[in-house]
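Novice: heads up, no residue letters with this:
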């Protein structure tokens, strides 16, 4: 979505479980597990500011507590007409922030659970476990905006936050965080991944597009949350996430090699003539800068570089080195000279500075040995002054990473015997789903096929259906 017009504040901090970039050497994603660490006082203080300003309760709901992150500029009471109040992107950020603050805020779990309930109250009409991308306040309720479909970035952050919550609080209470996370991960793979080109699509609304249609192979670079993909592969026991991981890095490498700047455009499309991925044309989806590094792609130095800091991925390191070299030369080593947008060739498209562009470079800089450049960016971000939702939220999420406070969830086996629809229980519904799938009924998928491999031969067939029916009769 276009953040040039709508931004607000946020932040992040914390963590009960974290990784230190200083004391812990980089490793492959095979070594992901939970770490503990301490966030800086600067980050915690900013969290308190953010919580006071942006964490909002849905007061229209009286039978339970629901929270969301207010991202707008006016409330309904101030405007006197229907206004947008939040988006799934902001909600995913908020859930990550709440989980990260478990060690620093006694209300963190209450906040997280309230945000979970809000998410479940505002689901997409397409992917059953994905969140509708925007909500509006109409004066009597907060409801989904017209076209209740999803945006991939919000769904990925929500899924990851639920894995964080499982690592912190466990899943034996009122909310089974782990199963909820796996359900979202399955739906992202089902409804938001193009499995021909293996790219993340823009949202579940693109699920209906066909090969050759302009949105079928279109992707948003800010959705390249590389560190998440191996975690999702383990949590959902689905190696397709590793296929997506490698395919996405192919796109990143292509842009690094083709342009030599490390700059990725907001939207990337597949050239039907060459089959290569190229910048989108102007006004492809949001603005004339859709093919430039703008208010979506500004997050990529954080999203991609983090995969080196946590997983030690060398492609992420190469990306960070190239974009660091470009931005240092472009700005003369002064982060205040970072402009709000560049073409893939590295030409500025704006003449102003914006915090949401600066903070992600702090994470790219953390991948290098140039501590002076890194420290300049961090100081600039901390002294920028009050900004709006987008800039402050991204800054605080980056501060969590920079402090060594990013939670890397443990992966455990969440299979429930026979639970092929991944609803957390084995029932006659699973038998019906498997039977329809074996009969090739259209639109029927197995959310967790491994749970249905009762014969344990890595194949799903009629033999497994037989054992499933027999087991159910025995129960």
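Specialist: All right, it came through fine. Keep in mind that this is a model prediction, so the values were computed, not measured.
Novice: what is the neighbour count of residue 272?
Specialist: 9 (other CB atoms under 10 Å). Bear in mind the C-beta positions are built from the backbone N, C-alpha and C, glycine included.
Novice: and the strands in this structure?
Specialist: Here the chain has its strands, by DSSP state E, at 55-57, 67-69, 83-87, 134-137, 142-144, 193-194, 199-200, 219-220, 267-270, 277-279.
Novice: for residue 173, which of those strands is the nearest?
Specialist: strand 67-69 (17.6 Å; CB to CB).
Novice: show me what counts as buried in that closest one.
Specialist: Across strand 67-69, burial judged by 16 or more other CB atoms under 10 Å covers 67-69.
Novice: next one: stretch 460-475
Specialist: 460, 464-465, 467-468.
Novice: leaving out sequence neighbours, find the closest residue to residue 350.
Specialist: residue 340 (4.1 Å; CB to CB, 6 or more residues apart in numbering).
Novice: residues contacting the one you found?
Specialist: When contacts are counted by CB atoms under 8 Å, 6 or more residues apart in numbering, residue 340 touches 294-295, 298, 350, 352-354, 357.
Novice: of the residues you listed, which belong to helices?
Specialist: Among the contacts of residue 340, the members falling in helices (DSSP state H) are residue 357.
Novice: would you show me how to pick out the buried ones of the contacts of residue 340 in PyMOL?
Specialist: To isolate the buried members of those in PyMOL, using 16+ other CB under 10 Å:
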select buried, resi 294+295+298+350+353+354+357
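Novice: contacting residues for residue 92?
Specialist: Residue 92 sits next to 131, 153-158, 160-161 when contact means CB under 8 Å, 6+ apart.
Novice: switch the cut-off to 6 Å
Specialist: By CB atoms under 6 Å, 6 or more residues apart in numbering, the contact list for residue 92 reads 154, 157-158.
Novice: confidence score at the residue lying closest to residue 133 once chain neighbours are set aside?
Specialist: Of all residues not flanking residue 133 in the chain, residue 151 sits nearest, at 4.1 Å (CB to CB, 6+ apart). At residue 151, the pLDDT value in this model is 98.
Novice: what of the one 5 residues further on?
Specialist: Model confidence at residue 156, given as pLDDT, is 98.
Novice: where is the longest helix in this protein?
Specialist: helix 240-259.
Novice: in it, which residues are buried?
Specialist: By neighbour count on 16+ other CB under 10 Å, the buried set for helix 240-259 is 241, 244-245, 248-249, 251-252, 255-256, 259.
Novice: which residues of the chain score low on pLDDT?
Specialist: Along the chain, segments meeting pLDDT under 70 span 1-37, 411-417, 422-424, 456, 458, 474-475.
Novice: rerun at 80
Specialist: For the chain, the stretches with pLDDT under 80 are 1-37, 410-417, 422-426, 442-443, 445, 447-451, 454-458, 470-475.
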